[in-house]
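>>> what follows is a protein structure lacking sequence information:
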């Protein structure tokens, strides 16, 4: 179980650094190192996700996808796009609210990075660890909608404003279902600590432990998470046909890049949190009774489990995205308030009853 | 009561239809992609249908002779004036006068591939081929002489 625990190594490094330099310097250096690590992971994952999205989308449309830039698989297509975006001019609009216009992309990406830091990569390998971790994730991810609203408002464009208002209405609505289905999982795990939630799934993943209510909560989480990440069929905030590009119509260069990055990383974060809550995070697949099998599974490092499971859910979300047409705003809100929210409340009650009467595994 | 029943029914039909949609898209996902990687597959997998009309040509027999009798029907049939025949009158051994083809000019640039010329030809002397890579940098290169093989 403990072969791949990162905590002893990290604590060892910390102790060594403390022995050769003053404490404040250690804190600064460690903060810098972790920050750079998060940013790097963020960029690398964004590139992987965009490439994967393009390839998966192509396969869903019987196409090949990017295949010319950088050898046979088009591997350099996305890095080339990133470099192109970095070289573009950042336009400042004449009649916009300059401060809020500049602030909005940073709010969006900050919310995304804060949530990203909470993901449990490995045993002892999470960046932000607190005993109300999942609560913090919900709170931090809500900052993103503020950024979207500000982007729409400060751009002084009708397209942006309509997109932002739609997005605001939608994200605030779907946060309810997300919150309730997360709460369902907190009920079964008995803790809000993200590492604690993962540890509690050592016997079996939550989706197996909680059987029917957990599977229903998983589906609701995926639907609401898709809406949170502003992806089709819930991409009303962008709605190319109606609003050109929605809330980021007026943005260019790296500011647009921030929105774009955050969109893809929110997809990853949604999947990562789903993995943590339902599929056991970095916890290997354990089947009660099969000790040999469990021991073999333990040899696979936790981060591979986490990334594998997360990309599985990313694929599920892409499958949904490329299957269904976009909903209208009234349909989106009706889906949430008339169907998802009541269902998730029922699931929460069912799960609580199951937990109280010991009907979970 | 019927409203509640309707609500529950809609719930499950909606889930069913979503699953059907996902099954359909997964089927497409598993299919082979239909993209033609054109310049690369030019000599390997590129398939242009036989009946595709891309260029007029004159089929020749094993002696290199075409079957044109210089009747000019194709020239008259062409709505665009794409075909221009130059003919000459020669006298055969038994003293009859006969029209022979001197030059069969075909302007690819103004051809609209309607196939009226091919249909009207009584001797099957002209046909369309599916040889479609006809782009050139100069308009004058589009005027082709089809009977160059046998003068």
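Looks like it arrived, so ask away. Everything quoted here is computed from the prediction, not taken from an experiment.

>>> find the centremost residue of the chain, please.
Picked chain A for this. Nearest to the centroid of the C-alpha atoms of chain A, with distances taken as Cα atoms, centre = their mean, sits residue A:269, at 1.3 Å.

>>> sorry, should have said chain B
With distances taken as Cα atoms, centre = their mean, the residue of chain B nearest its centroid is residue B:53 (1.3 Å).

>>> give the contact list for that residue.
B:113, B:115, B:128, B:130 (Cβ atoms under 8 Å, 6 or more residues apart in numbering or on different chains). No exception for glycine: its C-beta is placed from N, CA and C like everyone else's.

>>> can you tell me the SS state at the third one?
Counting by DSSP: H, G, I helix; E, B strand; the rest coil, the backbone at residue B:128 sits in strand.

>>> that one touches residue B:58, doesn't it?
No: when contacts are counted by Cβ atoms under 8 Å, residue B:128 is not listed as touching residue B:58 (11.2 Å).

>>> can you pull the contacts of the residue nearest to the centre of chain A?
Contacts of residue A:269 (Cβ under 8 Å, 6+ apart): A:112, A:115, A:116, A:119, A:141, A:229.

>>> among the residues you listed, which are located in helices?
Mapping the contacts of residue A:269 onto helices (DSSP state H) picks out A:112, A:115, A:116, A:141.

>>> returning to what we had before: residue B:113 versus the residue nearest to the centre of chain B, what's the distance?
Between residue B:53 and residue B:113 the distance is 4 Å, computed by Cβ to Cβ, to the nearest Å.

>>> what does chain A put close to chain B?
A:56, A:58-64, A:67, A:319-320, A:322-324, A:338-339 (Cβ under 8 Å from any Cβ of the partner chain).

>>> which residue does chain A bring closest to chain B?
At 4.1 Å from chain B, residue A:323 is the closest residue in chain A, using Cβ to the nearest Cβ.

>>> for that residue, which non-adjacent residue is closest in space?
Nearest residue to residue A:323 in three dimensions, chain neighbours excluded: residue B:25, at 4.1 Å (Cβ to Cβ, 6 or more residues apart in numbering or on different chains).

>>> and the one you found, what helix or strand is that in?
helix B:2-30 (DSSP states H and E).

>>> which parts of the stretch 101-250 of chain A are helices?
Here the stretch 101-250 of chain A has its helices, by DSSP state H, counting those that start in this stretch, at A:133-141, A:143-154, A:158-189, A:194-199, A:206-209, A:211-228, A:240-243.

>>> tabulate the ones you listed (a markdown table), appending mean neighbour count and mean pLDDT.
Formatted as a markdown table, the helices of the stretch 101-250 of chain A follow (neighbours: other Cβ atoms under 10 Å in any protein chain shown; pLDDT from 0 to 100):
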| stretch | mean neighbour count | mean pLDDT |
| --- | --- | --- |
| helix A:133-141 | 20 | 86 |
| helix A:143-154 | 23 | 85 |
| helix A:158-189 | 22 | 86 |
| helix A:194-199 | 22 | 83 |
| helix A:206-209 | 21 | 79 |
| helix A:211-228 | 22 | 86 |
| helix A:240-243 | 13 | 72 |
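
>>> for residue B:104, find the nearest of these.
helix A:240-243 (51.8 Å; Cβ to Cβ).

>>> what's the closest one in contact with?
Outside helix A:240-243, the residues that touch it by Cβ under 8 Å, 6+ apart are A:159, A:160, A:162, A:163, A:249.

>>> toward the C-terminus, what is the element adjacent to it?
With elements assigned by DSSP H and E, the helix or strand that comes after helix A:240-243 is helix A:253-278.

>>> what mean pLDDT does that next one have?
Per-residue pLDDT values across helix A:253-278 average out to 85.

>>> so how far is the helix or strand following it from its chain's centroid?
Heading C-terminal from helix A:253-278, the first helix or strand you meet, by DSSP H and E, is helix A:291-298. Helix A:291-298 has its C-alpha centroid displaced from the chain centroid by 29 Å (Cα atoms, centre = their mean, to the nearest Å).

>>> list the buried ones in the following helix or strand past helix A:291-298?
The first helix or strand that comes after helix A:291-298 along the chain, using DSSP H and E, is helix A:302-321. Neighbour counts over helix A:302-321 (16 or more other Cβ atoms under 10 Å in any protein chain shown) mark A:302-303, A:305-307, A:309-311, A:313-314, A:317-321 as buried.

>>> how about stretch A:76-84?
So stretch A:76-84, judged by 16+ other Cβ under 10 Å, has buried residues A:77, A:78, A:81, A:82.

>>> point out where chain B drops to low pLDDT.
Within chain B, the segments meeting pLDDT under 70 span B:1, B:148-151.

>>> just the helices in it please.
B:2-30, B:38-41, B:73-77, B:116-120.

>>> which bits of chain B sit near chain A?
B:7, B:11, B:14, B:18, B:21-22, B:24-26, B:28-29, B:31-35, B:37.

>>> among these, the buried ones, what's the PyMOL command?
Applying 16+ other Cβ under 10 Å to the residues of chain B next to chain A leaves a buried subset, and the PyMOL line that selects it is:
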select buried, chain B and resi 22+25+29
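
>>> identify the residues contacting residue 67.
Reading this off chain A. Applying Cβ under 8 Å, 6+ apart to residue A:67 gives the contacts A:73, A:74, B:37.

>>> switch to chain B, that's the one I care about
By Cβ under 8 Å, 6+ apart, residue B:67 lies in contact with B:58, B:59, B:61, B:123, B:124, B:125.

>>> if anything else comes up later, I'll come back, but that's it for now.
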